[in-house]
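A.B. asks: predicted model follows, preceded by the sequence.
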Amino acid sequence: MLGLLCSSSVAQTTSIQIPARTPLSIQLLQHVPMKTGESLEGRLLYPVYVDNRIVVPAGATLRGTVIQLDSDRSRRIHARLRGDFTPFHIPVVRFDELVLPDGALEAIVSDSAKDGAPILRLSPAPGQKKGSVVSRQIAAEKQRLKDAAAQITAPGRGDRLVQFIYTQLPYHPERIETGTAWTVDLAEPLSLRSMDPRPEDRDKADPRGPTALTEWRLRAYLQETISSANRKIGDTFQAVVSEPVLNAEHAVVVPQGSVLVGEITQTKAARSFGRQGKLRFRFRQLKLPTGFTQPVEGTLAGVDANKSANLQIDPEGGIAPKPQNRVLLPLVLTFLAGRGLDDDGSQVAHSTVASNGFGIVGRIVGIVASSRNVAAGIGFYGAALAFYDLCLARGHNVVFVKNTRIEVTTTPARSPMNTPSPSQ
């Protein structure tokens, strides 16, 4: 009986409330058809903290549904010019159930989200010597070849082959790909049961982060969308710290809920002739929940970016789309298209090689037409589209939507723990 009383005094079941507007980053576990009402199942990418303690661990399962399909107009236009008449859509999703590690089910109320995309964790590349333009182009080409080889050798290549064949057809079924991630906000507070730890263990949360106060690694969510298209130098924005930072003694030096104030230091909007957008920012101030504010020097150390955006971070923290070889692809397609006009050899073989512009249908038309001019015309059309996309069209802006997860390396002027909290 005495032991039971002692154990109950050590740990008691309490209720913890996760506040509304808490962001949840969810990644889809398995691809699903692009249909309204389709069930979704994903995993939580990052833990959820309340009072600097983990209340929902990373990897917890969340379930939801596709509630709406919006038209993807820009993608439709781009695809139809290339012979693909699939009515592309953007799924709008909502998650309504949380599965805790012990198997307990909790109903949640979340906002809808539609900016889902497979994400890529970006981090600055090691500093490299600038070198000549030619050497940089060669290095970039080598990296592209490595990326292409990884796509071929990575697991799931059979499924990727099937999807590639689908893209060559004039119409193909849509699906939401495995790994697509959304960040949704809780629309209402969520109450969870938890075992209240002993007082001496309360601050012993996950001890990630720096062990010295000379540098902090802060993980935060952007509170607004920032884009190279409309931001100006000197514009400010905020990010909320989602995980506490502990020192070597496991004392909290940067509490969860602190606010980072950032400033745009360089911006360039995308322009025609393939000129890409560029964005650079730094963090200059840290506001603690206690009201204490201190200056910091913070640079971007990592970000969850849309994989299709093809972004990169330079060693100084600037973000821009990766450079593309604007000459090679149009030249290759033009050379292949010219093969259709050759008189020597097999006309069928030349037509097959030349007709690059409308996928499988273009090749069939080029072969069946039995005309060198038709096959070459299709090929030259494909080369012209490639030339327009790479050399004439507007480049891509750097865009980070609201609730984008970032990692910031900061150097504080002095420790905020020197300032007493209201409780003290």
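C.D. replies: Yep, that arrived.
A.B. asks: CA only for contacts and neighbour counts going forward, please
C.D. replies: OK.
A.B. asks: longest single strand anywhere in the protein?
C.D. replies: Secondary structure of the chain per DSSP state E: the longest strand is strand 293-306.
A.B. asks: flag every buried residue along it.
C.D. replies: For strand 293-306, a neighbour-count test (16 or more other CA atoms under 10 Å) marks 293, 295-306 as buried.
A.B. asks: which SSE is immediately downstream of the helix or strand where residue 95 lies?
C.D. replies: Using DSSP states H and E, residue 95 falls within strand 89-99. Following strand 89-99 in sequence order, the next helix or strand is strand 105-107 (DSSP H and E).
A.B. asks: quick one: contacts of the next helix or strand after that next one?
C.D. replies: Next along the chain after strand 105-107, taking DSSP H and E as the criterion, comes strand 117-122. If you take CA atoms under 8 Å, 6 or more residues apart in numbering as the criterion, strand 117-122 is touched by 177-182, 302-308, 311-313.
A.B. asks: can you map out the helices along the stretch 1-150 of the chain?
C.D. replies: Remark: helices assigned in the stretch 1-150 of the chain by DSSP state H, counting those that start in this stretch are 2-10, 73-80, 133-153.
A.B. asks: next, the buried residues of the second one.
C.D. replies: Yep, that's helix 73-80 we're talking about. For helix 73-80, by 16+ other CA under 10 Å, it's 76, 79.
A.B. asks: export it as CSV, just CAs?
C.D. replies: Output of helix 73-80 as CSV, limited to C-alpha atoms (Å, rounded to 0.1, in the frame of the first residue of the first chain):
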residue,chain,number,x,y,z
ARG,A,73,-4.4,25.9,-64.4
SER,A,74,-0.7,26.7,-65.0
ARG,A,75,0.3,23.1,-65.2
ARG,A,76,-2.6,22.3,-67.5
ILE,A,77,-1.5,24.9,-70.0
HIS,A,78,2.1,23.8,-69.8
ALA,A,79,1.1,20.1,-70.3
ARG,A,80,-1.3,20.7,-73.2
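A.B. asks: which residues sit against that helix?
C.D. replies: 85-88.
A.B. asks: quick check: angle from it to strand 89-99?
C.D. replies: Here the directions of helix 73-80 and strand 89-99 differ by 130 degrees (axes from the mean of the first three to the mean of the last three CA atoms, to 10 degrees).
A.B. asks: which strand residues bridge residue 226?
C.D. replies: Judged by DSSP bridges, the bridge partners of residue 226 are residue 400.
A.B. asks: that one and residue 400 touch, don't they?
C.D. replies: Yes: counting by CA atoms under 8 Å, residue 400 is a contact partner of residue 226 at 5.5 Å.
A.B. asks: can you map out the helices along the stretch 251-400 of the chain?
C.D. replies: 328-339, 347-354, 359-368, 372-387.
A.B. asks: about what we covered before: by mean pLDDT, show me the worst of the helices of the stretch 1-150 of the chain.
C.D. replies: Lowest mean pLDDT within the helices of the stretch 1-150 of the chain: helix 2-10, a mean of 42.
A.B. asks: wait, what's in contact with residue 278?
C.D. replies: Counting by CA under 8 Å, 6+ apart, residue 278 has contacts 228, 266-270, 318-321, 397-398.
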